[in-house]
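Enquirer: sequence first, then the predicted structure, then my questions.
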Amino acid sequence: MSHWLFKTEPGCFSWQDLENAPGRTTSWDGVRNYQARNFMRAMRVGDLGFFYHSGQQPAIVGIVEVVRAAYPDATALDPENRHFDPKATPEKPIWEMVDVRLRRALPQPLSRKDLAAWPELAGMELMKRGSRLSVQPVEAGAFAFICGLAGIERP
DNA sequence: GCCAACGTTGGC
DNA sequence: GCCAACGTTGGC
């Protein structure tokens, strides 16, 4: 099993939104970065990921589970959608998305500041300066370490 | 609001 | 294929 991190602006889509979503499940649509797309292509059903809020209070707030592997992102084909991509076609959708389901909230959000205090996490993509990837891999060791910090025994 | 980092675009 | 200009992200 692989581990991931899903980054989102809470003003755009938040953990609360996920809690309110039907089936507590959402499509991770709108990703328009090839590297992030390729990471989603590598995801398998059952993979776990952190749910990260960027913005004013950057923090890991919960854990989600991949419940559907990558499939074409329909928002790229919709001219009304803010993520519309004129280069995408039904034959060549270019962009893909996965579905994720809420697994559990962290007992307390783990702020970026908290995370930065641990040298063990210095190598994480998330902690690198200028890291902008909205979907990124997390090493199994780092995933377990962070679960430990959060006081979670079973993610 | 600032600015560093990075991806994308387009002229050549 | 190079690279400058530009736009966006996101922490602070």
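Expert: The structure has been received and is ready for your questions.
Enquirer: just checking, what packs against the lengthiest helix in chain A?
Expert: Counting residues, the longest helix in chain A under DSSP state H turns out to be helix A:140-150. Packing partners of helix A:140-150 (3 or more CB pairs under 8 Å, 6 or more residues apart in numbering; DSSP states H and E): strand A:3-8, strand A:48-53, strand A:96-111, helix A:112-116. C-betas here are computed from N, CA, C, even on glycine.
Enquirer: do the last one and DNA strand C meet?
Expert: Yes: on the criterion CB under 7 Å from any atom of the strand, helix A:112-116 is in touch with DNA strand C at A:Arg112, A:Lys113, A:Ala116.
Enquirer: related to what we said a few turns ago, next, the angle from the longest helix of chain A to strand A:96-111.
Expert: 40 degrees (axes from the mean of the first three to the mean of the last three CA atoms, to 10 degrees).
Enquirer: for helix A:140-150, what is the average pLDDT?
Expert: Taken as a whole, helix A:140-150 has a mean pLDDT of 97.
Enquirer: who's in contact with it?
Expert: A:3, A:48, A:50, A:60, A:106-108, A:110, A:114-115, A:118, A:120-121, A:123-124, A:138, A:153, A:155 (CB atoms under 8 Å, 6 or more residues apart in numbering).
Enquirer: how about CSV for the residues of helix A:112-116 next to DNA strand C, with pLDDT and neighbour count added?
Expert: Shown next, in CSV, are the residues of helix A:112-116 next to DNA strand C (pLDDT from 0 to 100; neighbours: other CB atoms under 10 Å):
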residue, pLDDT, neighbour count
A:Arg112, 97, 16
A:Lys113, 96, 10
A:Ala116, 96, 14
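Enquirer: for the residues you listed, which one is nearest A:Val31?
Expert: Of all the residues of helix A:112-116 next to DNA strand C, A:Arg112 has the smallest distance to A:Val31: 21.1 Å, by CB to CB.
Enquirer: can you pull the contacts of that closest one?
Expert: Residues counted as contacts of A:Arg112 (CB under 8 Å, 6+ apart) are A:Pro58, A:Ala59, A:Leu126, A:Met127.
Enquirer: and the residue lying closest to the last one once chain neighbours are set aside, how many neighbours?
Expert: Closest residue to A:Met127 in three dimensions, ignoring its sequence neighbours and counting by CB to CB, 6 or more residues apart in numbering: A:Leu121, at 5.8 Å. Residue neighbour count, defined by other CB atoms under 10 Å, stands at 19 for A:Leu121.
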